[in-house]
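Trainee: 3D, please:
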Amino acid sequence: MKNLMLVVCLAVVAAGCGSAAASSSSTAENVTMQGGQWEYVVTPENGGTTMYFGTNVPTSNATFDVNNVAIFQPSQISLTQNTGPVACQTYTLNGKIDKSKIEGQFDTPTGDFASFSGQLSADGKSISDGKYSGQNCDSFSKIQGTLTGYTVEPLKGTFTGTLTSNTQGSDIMTITFTQNVDKSVSIAGAFVEKGVTTSFVGATGDSAAVFTGASVFFGANAANVNGNSLLAGMGHSNPAATELTLQINGPNEQAIGTLKRQ
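Mentor: I've put the predicted structure just below:
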């Protein structure tokens, strides 16, 4: 979640003969949605926290039904942790496209969460003039807002930068993401804290690391001279997948920062 593609087919019907020939035409719009990575951005009217809905659309169709939606709120990442969650998961998305209009519904396992609508661009790669009505990730209060959407480049390659740890100061990190066909993630890398290098030694399981739109969630075993530990990470990339806001949680430690693709 790669593109929502709007295909316009023109049918021309000609009538008449000789020099008196005349013609008329009619236009039919056939809409298809192509599988890939998408992100929907909801901006509440009251100035609340912006929500980023990420999902991977698996097939091409004019209707869609996916169960891998996650809400990510990178503005809430902080060393002190705000009261609201950073990520909300287990959402589904279903809807349809009619000509250039898209309408959809976000649901939870227990009921409706929100509805939205918007207009697809001519190239099918973005949504504008969208409306959102439903709940908020962090408080489940009712909100109204605007909605935009866009395709997201796959997160892959090597990223480097500095994370700030709440207990260890600066972490110099290098991490490499390899995206598999099923959207699972293979990761490798290391970070240096106070002269000690900690290396990732493998994911915790086949589904431990996945992409949902512009968001990535993973778990990894890590090792250094002091022993082994289990790390949990979550991140959010820009649409071009050249920058990654990353949060990593380990034993008695939390580190956050922005990494850039090399």
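Trainee: where in the stretch 51-200 of the chain is pLDDT low?
Mentor: For the stretch 51-200 of the chain, applying pLDDT under 70 flags the ranges 58-62, 74-86, 138-140, 183.
Trainee: so where do the strands sit in it?
Mentor: Using DSSP state E, counting those that start in this stretch, the strands of the stretch 51-200 of the chain run over residues 51-57, 63-72, 87-98, 101-108, 111-120, 126-135, 142-151, 157-165, 169-179, 185-193, 196-203.
Trainee: contacting residues around residue 231?
Mentor: 200, 219-222, 248-250 (Cβ atoms under 8 Å, 6 or more residues apart in numbering). For glycine as for every other residue, the C-beta is placed from the backbone atoms N, C-alpha and C.
Trainee: cool, and residue 67?
Mentor: Residues in contact with residue 67 (Cβ under 8 Å, 6+ apart) are residue 92.
Trainee: Please report how far it lies from residue 57.
Mentor: Distance, residue 67 to residue 57, using Cβ to Cβ, to the nearest Å: 11 Å.
Trainee: Can you name the residues bridging to residue 254?
Mentor: On the basis of DSSP bridges, residue 254 is bridged to residue 249.
Trainee: Number the residues from 44 up from this point.
Mentor: Will do, 44 is the new start, and the previous item becomes residue 297.
Trainee: Touching, it and residue 206? I think so.
Mentor: No. Residue 297 is beyond contact range of residue 206, at 9.4 Å (criterion: Cβ atoms under 8 Å).
Trainee: Kindly point out which residues are neighbours of both of those two.
Mentor: With Cβ under 8 Å, 6+ apart, residue 297 and residue 206 have common neighbours residue 291.
Trainee: and the gap between the residue nearest to the spatial centre of the chain and residue 205?
Mentor: Centroid check for the chain by Cα atoms, centre = their mean gives residue 256 as the closest residue, at 2.3 Å. Plainly put, residue 256 is 26 Å away from residue 205 if you go by Cβ to Cβ.
Trainee: And for residue 235?
Mentor: 10 Å.
Trainee: got it, and residue 136?
Mentor: Using Cβ to Cβ, residue 136 is found at 35 Å from residue 205.
Trainee: So which of the two has more stuff around it?
Mentor: residue 136 (22 against 14; other Cβ atoms under 10 Å).
Trainee: how about that one, what does it touch?
Mentor: Contacts of residue 136 (Cβ under 8 Å, 6+ apart): 96, 98, 107-109, 112, 147-150.
Trainee: so which of these is the most crowded?
Mentor: With neighbours taken as other Cβ under 10 Å, the top of the contacts of residue 136 is residue 96, carrying 29 neighbours.
Trainee: burial count for the spatially closest residue to that residue that is not a sequence neighbour?
Mentor: Leaving aside its sequence neighbours, residue 96 sits nearest to residue 83 (Cβ to Cβ, 6 or more residues apart in numbering; 4.2 Å). If you count neighbours by other Cβ under 10 Å, residue 83 ends up with 25.
Trainee: Touching, residue 83 and residue 170? I think so.
Mentor: Yes. Between residue 83 and residue 170 a contact is recorded at 7.2 Å, counting by Cβ under 8 Å.
Trainee: Residues that sit against both of the two, list them.
Mentor: Residues touching both residue 83 and residue 170 (Cβ under 8 Å, 6+ apart) are 190-192.
Trainee: Counting neighbours, which of those residues end up buried?
Mentor: For the shared contacts of residue 83 and residue 170, burial is judged from neighbour counts taken by 16 or more other Cβ atoms under 10 Å, and it is met by 190-192.
Trainee: now those as JSON lines including distance to residue 116?
Mentor: Shown next, in JSON lines, are those (distance: Cβ to Cβ, whole Å):
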{"residue": "190", "distance to residue 116": "15"}
{"residue": "191", "distance to residue 116": "16"}
{"residue": "192", "distance to residue 116": "17"}
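Trainee: ok, so of the residues you listed, who is nearest residue 224?
Mentor: When these are compared for distance to residue 224 (Cβ to Cβ), residue 192 wins out at 23.6 Å.
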